[in-house]
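*Asks:* Predicted structure and sequence below. I'll ask about it afterward.
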Amino acid sequence: MESDPDTAEVGQKVTEYEKFLNDRLKVDLQKTLDSRDEIYAKMSEYLQLKTNIERMQEVDFPKGELRTKVDLGCNFYVQAKVPDVSKIFVAVGFGFYVEFTHGEALKFIDKKIEHLTEHAERLTKDSGRIKAHIRLVIEGLKELQGLQDGPEEQAFRDIWG
């Protein structure tokens, strides 16, 4: 039978582990997953831009101009006329835009997607490590509290017996 000082010490350790689990590990996991989702959103935008550029290359525009509608926000559209469709401005990061030809833009987009894919893979690995740490802390908590995983089930059950 455990004495009161040991029980109090175990209770304090359990509280510390739970605090670490909730205040650090779960928050880190959420931040990592949110960052990865932002990366995937950027990749989606670049892939959409790539598709649009490829479509623009396929179409022969009369007089070299394009008429379109532009969303100003909140689904408020205005008509726009692009006088020269041979070049395009692409957001390269940090609020900067660069004027590219279609071929240059496609090369940039391919490199950017490759970079974003590597970053997303790193974040996925990081989230896997954090999940492993969470599992380790949960197992430690179970051990401290003397809990079992539950009734062990047989690998198979003989239905004829």
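*Replies:* Done, it's in. Residues are numbered from 1 along each chain as shown.

*Asks:* Please name the nearest non-neighbouring residue to Ser35.
*Replies:* Leu123 (5.6 Å; C-beta to C-beta, 6 or more residues apart in numbering). For the C-beta atoms, the positions are set from N, CA and C on the backbone; glycine is no exception.

*Asks:* Within the helices and strands, which one has the one you found?
*Replies:* helix 102-145 (DSSP states H and E).

*Asks:* what packs against that helix?
*Replies:* Here helix 102-145 touches helix 4-20, helix 26-58, strand 87-93, going by 3 or more C-beta pairs under 8 Å, 6 or more residues apart in numbering; DSSP states H and E.

*Asks:* Check the gap between the closest residue to Leu49 other than its chain neighbours and Arg135 for me.
*Replies:* Ranked by C-beta to C-beta, 6+ apart and with sequence neighbours excluded, the top spatial neighbour of Leu49 is Ile109, at 6.3 Å. Plainly put, Ile109 is 38 Å away from Arg135 if you go by C-beta to C-beta, to the nearest Å.

*Asks:* Confirm Gly73 sits in a helix?
*Replies:* No. Counting by DSSP: H, G, I helix; E, B strand; the rest coil, Gly73 is not found in a helix; it is coil.

*Asks:* Tell me, how many residues neighbour it?
*Replies:* Applying other C-beta atoms under 10 Å, we find 6 residues neighbouring Gly73.

*Asks:* cool, Leu123 as well?
*Replies:* By the criterion of other C-beta under 10 Å, Leu123 has 20 neighbours.

*Asks:* Repeat that for Val27.
*Replies:* 12.

*Asks:* Name the spans of the protein whose pLDDT lies under the cut-off.
*Replies:* Applying pLDDT under 70 to the chain flags the ranges 1-5, 147-161.

*Asks:* 80 instead, please
*Replies:* 1-8, 10, 60-64, 146-161 (pLDDT under 80).
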